[in-house]
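[1] structure here, sequence nowhere to be found:
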């Protein structure tokens, strides 16, 4: 009986992601005094890409790359409870799901690396190298923060961590362990592929990076993941640091607000080069993570 | 005045030809092809003309000559001097100056392609520069008929009218009379 | 033909000599095929609507007209609100805007890029140079009629057309796509021989496979 509910979660989250990313893009455009894309533009782009008549392949891994990437996003979402205290939307969470989630965060990028490498395009190879180095540096503080949180609550179950934060807003990890949250939020900026850390996927930089060769349905799969993955990732952040969500409206609101953090930073700061962003993570985010681990 | 003084000091040594003063800080000097290299080296190393601004050619079809113009700049004194070299148009060949300015090799590639002037030993001289797979005579030579070439190679779209701009505007503005 | 594309013997790092024929080994020889709308009419209509509302332009400026495309991204014109955006790679683009005069050297790159785009794909000729040569009517290296070499869906006249004219042109293109009349890719596949003959008549050093996808 869990599977249909999990699929429903997936459906809700994908639609929410499509609308929310368009909304955030619109907000970004308004900052630049532009009108911005229509709110339903993501749906049309998806439909168009699925509806293209031709597509070409470079081999098996080229097929599997987008599939791995999407399964990374779906896995991340489905092994973490979306709504706290709801039997229907707790998905496939289990006692050690935090470790699995950490793995899934990285899984998509690795799949992408395999697929993009198979395309044989030099830009894809450069993009992947840059992407993986930046991701690794950005994941480090996040991993430290997760360790700190796991130590603090003495559990690896996301459900238990959320449960420990209930009762008052002051019980959130945000207030009980601010260093861990600070380190994780800095890492969050790096993994959202928004400025200043979007050098990997930006269309202007080494044309569009890893997905250079991807088109039609392959690209559509990756676009689906592009709207799904940030939400899935934010769900983890929400559960670990911001008290989780007890119902869908709170879920939507919290995800949107957490997403807006990266949007705010993105419209204000210009783009980092890869080595700059790695240095930035190692200097500013990692020490915070270490302090968080040491303090608990 | 300054350019005249420079000309006067160099004239006996390099047997310079005609001197044309354009401005106080710009003059053109005609020089024989065989003495060009030595003169350029002298200007670069002794007189401070360290920058090669451009190297270009003019096709004097009626005289059967190409004129090469080497324009040099003296940054410190803010002076320009142009050296004119006239070479025969048939089998046009000129000494390469890429050993003085590496950038000259690019100009020489262009001149080889556009005018058909040969610069022996210039690096990558025979690689395509702007044109790819050009089969006709070099297009900047004046005996190359660009209109005829365009009509032979690229199809016209019917219905295009060509008017003399002056006549047309006169008619537009003032009518028939 | 470029030297690295010629058939030749190559000595591998292990000392074994073998024959390489790059055009056959590294490229596929199959030409383009006509792609019929494989769905029922209503689904094809839906797809055509989606295609018209999501036009991705290849970021490739061939001539001076490219300067008129840039303002479309700025707050003043903001083409994004019409579902138009620019993609840096031909694989993801649907619309090729030939922006102004097209020299034969650029034409070679244009053909390569066009053939790498995925069907259905559209071509818009921008400026009078693409229509009849414009001010380059007597130029030795600029083509005069774009539709001899690529299937053109729409021309935007002017020298140069203003960004507003481009927006109006894109709106007209949307109508064509929605009516199912923008089948340039199929036209290209049907008349492939004719297009190739025209292309090769002006590109004298044809140093690439006949169909580059």
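    Nice, thanks for sending it over. Just so we're clear, the structure is a prediction, and the values are computed from it rather than from any experiment.
[2] can you give me the helices for chain C?
    C:22-25, C:41-53, C:66-69, C:104-116, C:128-132, C:163-178, C:184-190, C:192-202 (DSSP state H).
[3] correction: the previous question concerned chain B.
    Under DSSP H, chain B gives helices at B:2-14, B:33-45, B:104-115, B:146-153, B:165-174.
[4] let's have these in a markdown table, adding mean pLDDT, distance to chain A and mean neighbour count.
    Glycine gets a C-beta too; all of them are placed from N, C-alpha and C. Shown next, in a markdown table, are the helices of chain B (pLDDT from 0 to 100; distance: least, Cβ to the nearest Cβ, whole Å; neighbours: other Cβ atoms under 10 Å in any protein chain shown):
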| stretch | mean pLDDT | distance to chain A | mean neighbour count |
| --- | --- | --- | --- |
| helix B:2-14 | 90 | 48 | 14 |
| helix B:33-45 | 94 | 39 | 16 |
| helix B:104-115 | 94 | 26 | 21 |
| helix B:146-153 | 90 | 33 | 14 |
| helix B:165-174 | 88 | 40 | 10 |
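[5] relative to residue B:95, which of those is closest?
    Of all the helices of chain B, helix B:33-45 sits nearest to residue B:95, with 5.5 Å by Cβ to Cβ.
[6] relative to helix B:104-115, how tilted is the closest one?
    140 degrees (axes from the mean of the first three to the mean of the last three Cα atoms, to 10 degrees).
[7] helix B:33-45: how far from the chain's middle?
    18 Å (Cα atoms, centre = their mean, to the nearest Å).
[8] output the contacting helices and strands for it.
    Secondary-structure packing of helix B:33-45 (3 or more Cβ pairs under 8 Å, 6 or more residues apart in numbering or on different chains; DSSP states H and E): helix B:2-14, strand B:65-74, strand B:79-88.
[9] let's see it at 7 Å
    Helix B:33-45 is packed against helix B:2-14, strand B:79-88, with contacts defined by 3 or more Cβ pairs under 7 Å, 6 or more residues apart in numbering or on different chains; DSSP states H and E.
[10] next, the closest residue to residue C:144 other than its chain neighbours: phi, psi?
    Distances taken as Cβ to Cβ, 6 or more residues apart in numbering or on different chains place residue C:133 nearest to residue C:144, at 3.5 Å, with adjacent residues excluded. According to degrees, to the nearest 10, the main-chain angles of residue C:133 amount to phi 100, psi -20.
[11] hang on, the earlier thing: mind giving me JSON lines with the helices and strands packed on helix B:33-45 and columns for distance to chain C?
    Output for the helices and strands packed on helix B:33-45, formatted as JSON lines (distance: least, Cβ to the nearest Cβ, whole Å):
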{"stretch": "helix B:2-14", "distance to chain C": "38"}
{"stretch": "strand B:79-88", "distance to chain C": "24"}
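[12] I'd like the distance between residue A:203 and residue A:44.
    According to Cβ to Cβ, to the nearest Å, residue A:203 and residue A:44 sit 19 Å apart.
[13] again with residue B:24
    66 Å.
[14] before we move on, the earlier item: from the helices of chain C, which stretch is densest packed?
    helix C:128-132 (a mean of 24; mean count of other Cβ atoms under 10 Å in any protein chain shown).
[15] what's around residue A:195, how many residues?
    Using other Cβ atoms under 10 Å in any protein chain shown, residue A:195 has 20 other residues around it.
[16] please list all residues in contact with it.
    A:266, A:269-271 (Cβ atoms under 7 Å, 6 or more residues apart in numbering or on different chains).
[17] verify the assumption that it is located in a strand.
    No: assessed by DSSP: H, G, I helix; E, B strand; the rest coil, residue A:195 does not belong to a strand; its assignment is coil.
[18] quick one: it from residue B:44, how far?
    From residue A:195 to residue B:44 the distance is 48 Å (Cβ to Cβ).
[19] do the same with residue B:135
    38 Å.
[20] for residue C:181, same thing?
    Residue C:181 is 64 Å from residue B:44, by Cβ to Cβ.
[21] swap in residue C:87?
    48 Å.
[22] same check, this time on residue B:30
    From residue B:30 to residue B:44 the distance is 19 Å (Cβ to Cβ).
[23] swap in residue B:97?
    Taking Cβ to Cβ, one finds residue B:97 at 10 Å from residue B:44.
[24] returning to what we had before: more crowded one of residue B:24 and residue A:44?
    Comparing residue B:24 with residue A:44 by other Cβ under 10 Å, the one with more neighbours is residue A:44, at 18 against 11.
[25] taking helix C:41-53 as reference, get the angle to the host helix or strand of that one.
    Assigned by DSSP states H and E, residue A:44 belongs to helix A:41-50. For helix A:41-50 against helix C:41-53, the angle by the same axes, to 10 degrees is 120 degrees.
[26] show me what helix A:41-50 packs onto, helices and strands only.
    Going by 3+ Cβ pairs under 7 Å, 6+ apart, helix A:41-50 lies up against helix A:2-31, helix A:216-241, helix C:41-53.
[27] secondary structure class for the residue lying closest to residue A:120 once chain neighbours are set aside?
    Counting by Cβ to Cβ, 6+ apart, residue A:58 is the residue found nearest to residue A:120 once chain neighbours are left out, at 6.1 Å. Under three-state DSSP, residue A:58 falls in the coil class.
[28] how close does residue A:58 sit to residue C:21?
    According to Cβ to Cβ, residue A:58 stands 20 Å off from residue C:21.
[29] more neighbours, these two?
    Set residue A:58 next to residue C:21 and count neighbours by other Cβ under 10 Å: residue A:58 wins out with 18 against 11.
[30] picking that back up, quick one: contacts for the residue nearest to residue A:120?
    Residue A:58 touches A:118-120, A:213, counting by Cβ under 7 Å, 6+ apart.
[31] same check on residue B:66?
    Residue B:66 sits next to B:57, B:59, B:87, B:89, B:92, B:115, B:117 when contact means Cβ under 7 Å, 6+ apart.
[32] number of nearby residues for residue B:122?
    So residue B:122, with other Cβ under 10 Å, has 22 neighbours.
[33] need phi/psi at the residue lying closest to it once chain neighbours are set aside.
    Among residues not flanking residue B:122 along the chain, residue B:96 sits closest, at 4.0 Å (Cβ to Cβ, 6+ apart). With angles defined as degrees, to the nearest 10, residue B:96 sits at phi -80, psi 140.
[34] let's see the pLDDT reported for residue B:96.
    At residue B:96, the pLDDT value in this model is 94.
[35] residue contacts, it?
    Here residue B:96 is in contact with B:108, B:119-122 (Cβ under 7 Å, 6+ apart).
[36] just the element for residue A:146, please.
    In this structure, residue A:146 is located in helix A:122-153 according to DSSP H and E.
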